[in-house]
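> Task: produce atomic coordinates for the following.
(one chain, ligands or ions: 1)
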Amino acid sequence: MNYRHGYHAGNFADVLKHAVLTCIAARLARVAKPVLAIDMHAGAGLYDLQAPNALKTGEWREGIGRVMAAPQAPEVLKPYIDIVKRANPGGEIRYYPGSPLILRDTLRPTDKIALYEMRPEDAQALAQLTKPDKRIKARRADGWKAIVAEIRSPDVRPLVLIDPPFESDADFDRSLDAVSAARTRSDTACVMVWHPIKDEKPVAAFRDKVKRGTSDALMTVELAVAPPAKGEKLTASGLLILRPPRGLNEDLHAMLPWLKEKLAVADGASAEWRWLIAPR
Ligand SMILES: C[S@@+](CC[C@H](N)C(=O)[O-])C[C@H]1O[C@@H](n2cnc3c(N)ncnc32)[C@H](O)[C@@H]1O
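Here you go, the predicted structure:
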């Protein structure tokens, strides 16, 4: 386990993931049933953008840095931007909130949040950060076991975030298993998987396998800030969303063209979202 999210926090891929997660959580927080959010790979929760790892890559500057510097963001992004602002009471952008804080700041007092993180330092920081909030349980535990451990009652609406490091393509297979576990344990679980797009092949195979396993609504979202690059540099990432809440399609329509324009680093940037299975 070499991956450290601190190098990448607030980059274009985080912006996409967190902007969409905010919309999903906000929409689910309007349904009657309490939401049970399960963040299977939660990270540290809050990242110092002046820490050596963040400074080394500077990725956030072309991600959240650009979003916060833009004069007028679409209304649909306001709740996400407000969460980033709340993490920076001094005004200047120094800290970036991860998925646990997006969930904390968007869900209701009656909702619950289960956070899983394996890396000891990050798990400890996360536990410390979220301790005052009684809705949140943060564990140093294997996120791949979270679905079976957490989804035990039909009286909640699960929101599952699958956001592994993708140090290898094996995370596509693990994510596939996790989507299918969530689907079989709950008829209503909304599941969002973040994935890198470096090579189209494993991405297409993953989407196809998830699609073959379900007849429920399934959507893909992609944001490329440049054409595919040779080597390790990430230029595109995507989300696969099973059972997206009603209205998310309109949110994406309102945010993605703007995000593409603001986050592009080269000609050939693109933003796309489409149904793999349209809602019935
Ligand atoms: C992409 S980062 C998560 C970022 C976080 N979800 C966010 O959006 O702010 C992936 C995280 O998964 C953690 N991780 C790796 N394997 C894990 C496992 N089996 N269970 C739980 N966490 C794991 C890594 O330590 C890393 O912090």
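> Most proximal residue of the stretch 101-250 of the chain with respect to the ligand?
With CB to the nearest ligand atom as the measure, Gly143 is the residue of the stretch 101-250 of the chain nearest to the ligand, at 3.3 Å. For the C-beta atoms, the positions are set from N, CA and C on the backbone; glycine is no exception.
> how near is that residue to Asp177?
In this structure, Gly143 and Asp177 are 12 Å apart, going by CB to CB, to the nearest Å.
> Tell me how many other residues crowd the closest residue to Pro279 other than its chain neighbours.
Distances taken as CB to CB, 6 or more residues apart in numbering put Ala217 closest to Pro279, at 3.9 Å, once the chain neighbours are dropped. Applying other CB atoms under 10 Å, we find 20 residues neighbouring Ala217.
> go on, Ser153?
Counted by other CB under 10 Å, the residues lying close to Ser153 total 10.
> The one 5 residues further on now?
Residue crowding around Pro158 was assessed by other CB under 10 Å; the count is 25.
> Give me the pLDDT value at it.
We have a pLDDT of 98 for Pro158.
> Wasn't it part of a strand?
Yes: assigned with DSSP: H, G, I helix; E, B strand; the rest coil, Pro158 falls within a strand.
> pretty sure it is touching Ile38, no?
Yes: assessed by CB atoms under 8 Å, Pro158 is found in contact with Ile38 at 6.3 Å.
> Would you mind measuring from the residue nearest to Pro279 to Asn249?
Taken as CB to CB, the span from Ala217 to Asn249 is 10 Å.
> This structure: strands as residue ranges?
Counting by DSSP state E, the chain has strands at residues 35-39, 46-48, 95-97, 112-117, 136-140, 157-162, 190-196, 218-224, 236-242, 270-277.
> partners of the first one, with directions?
In the sheet, strand 35-39 lines up against strand 112-117 (parallel), strand 157-162 (parallel) (DSSP bridges).
> before we move on, what about the longest one?
Paired strands of strand 270-277, with direction, are strand 218-224 (antiparallel) (DSSP bridges).
> okay, the strand it pairs with in CSV with CA atoms only?
Output of strand 218-224 as CSV, limited to C-alpha atoms (Å, rounded to 0.1, in the frame of the first residue of the first chain):
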residue,chain,number,x,y,z
LEU,A,218,-26.5,3.0,-14.4
MET,A,219,-24.6,6.1,-15.5
THR,A,220,-21.0,7.0,-16.4
VAL,A,221,-19.3,10.3,-16.1
GLU,A,222,-15.9,11.2,-17.6
LEU,A,223,-13.8,14.3,-17.4
ALA,A,224,-10.5,14.5,-19.4
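> Quick one: mean pLDDT over that strand.
The average pLDDT for strand 218-224 rounds to 98.
> Stretch 98-105 now?
Averaged across stretch 98-105, pLDDT comes to 98.
> Contacts for it, please.
5, 9, 14, 17-18, 21-22, 25, 37, 39, 42-47, 80, 83, 86-87, 97, 113, 115, 126, 129-130, 133, 135-136, 138, 159, 161, 163 (CB atoms under 8 Å, 6 or more residues apart in numbering).
> That concludes my questions; thank you for your assistance.
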